[in-house]
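Trainee: Task: produce atomic coordinates for the following.
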Amino acid sequence: MSTTGLADGQGPGRKGPGGVPDFPSFDDRVPYLARLEDEERQALLARGRVVRYPAGTVVIRQSDPSSHVLLIQRGRVKVTAVSANGYVALLALRRPGDIVGESSALSGLPRSATVTALEACVCSALDRDGFLAYLQEYPSAHAKLSSLLVDRLRAGDRKTLELASLTVRERLAVLLLDLLRSHSRRTPQGMELTVALSKQELAGSVGASREAVTRLLGEMRRKGIVRTARRSVTVVRPDLLRRIAAGGLPAEPPPPRT
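Mentor: Next up, the predicted model:
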């Protein structure tokens, strides 16, 4: 398995089936706990204390000076960040086995992002000193953390590069397809995304305004591609969504000016 976050032989610009850009997922391919040997994993969890968070709880807040780490044992969280101009972007989705908060623990700097529980979560919390002591005692676990961070960095760089070549409409379609692959459930109406995201979070994730995303979702709704409700998106026609992502489905003409 490649440790770069890309499949072997896969470089920027590669497209998946149907010409749809094959972007990295919002999830880690291999979460941190799964990279560790049994002894390393048990030693790490033994140093933490179990904490439980109800759905919707902000467990880490951007710019806070805290430096503990969380190891997710049950549930999922979303990682978001607010830019200087007010954009709220979805950076990542983390699941059981993942680690969050490690950047501040390693650097001692304030939090760079906000982490929110998407559902009831059970985590193991370690303070900074305990986490750093663990990494010193288990150098191989430290090396695996470094590998994870490189994977995340390279995947993010690749995603930024490839998104730059797409229109906002195509970016939104790619985002919805990415979420559809790993964060959806089947309903009578279609595949409902199980990640509740606001239009502002969707907009920040594709580098667009909230108004542009609202307009594009409205277009997809009129074409029967998606159904939307408050913080809810159900994909009815993933085939048409893939065509949009590949640049093969024309956009609606803009409304005439009055």
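Trainee: and the spatially most central residue of the chain, what are its bridge partners?
Mentor: Centroid-nearest residue in the chain, with CA atoms, centre = their mean: residue 92, separated by 2.2 Å. Applying DSSP bridges to residue 92 yields these beta-bridge partners: residue 79.
Trainee: Let me know the pLDDT of it.
Mentor: What the model reports for residue 92 is a pLDDT of 89.
Trainee: just checking, it touches residue 72?
Mentor: No - contact criterion CB atoms under 8 Å: residue 92 and residue 72 do not qualify, at 11.9 Å. Bear in mind the C-beta positions are built from the backbone N, C-alpha and C, glycine included.
Trainee: What helix or strand is residue 125 located in?
Mentor: Element membership of residue 125 [criterion: DSSP states H and E] is strand 121-126.
Trainee: so what strands line up beside that strand?
Mentor: Strand 121-126 has these strand partners (DSSP bridges): strand 49-53 (antiparallel), strand 69-74 (antiparallel).
Trainee: Averaged pLDDT, the helix or strand hosting residue 219. What do you get?
Mentor: For residue 219, the element it lies in under DSSP H and E is helix 210-222. The pLDDT scores in helix 210-222 average 94.
Trainee: I'd like the strands paired with strand 121-126 laid out as CSV, including mean pLDDT, mean neighbour count and distance to residue 195.
Mentor: As requested, those are exported to CSV (pLDDT from 0 to 100; neighbours: other CB atoms under 10 Å; distance: least, CB to CB, whole Å):
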stretch, mean pLDDT, mean neighbour count, distance to residue 195
strand 49-53, 97, 14, 16
strand 69-74, 97, 22, 15
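Trainee: Let me see the ranges of the helices in the stretch 51-200 of the chain.
Mentor: Remark: helices assigned in the stretch 51-200 of the chain by DSSP state H, counting those that start in this stretch are 102-107, 128-137, 139-163, 168-182, 199-206.
Trainee: what residues does the first one touch?
Mentor: Outside of helix 102-107, the residues that reach it under the criterion CB atoms under 8 Å, 6 or more residues apart in numbering are 66-69, 109-112, 128, 131-132, 145, 149.
Trainee: For the residues you listed, name the two members farthest from one another.
Mentor: Largest separation among those by CB to CB: 110 and 145, giving 20.1 Å.
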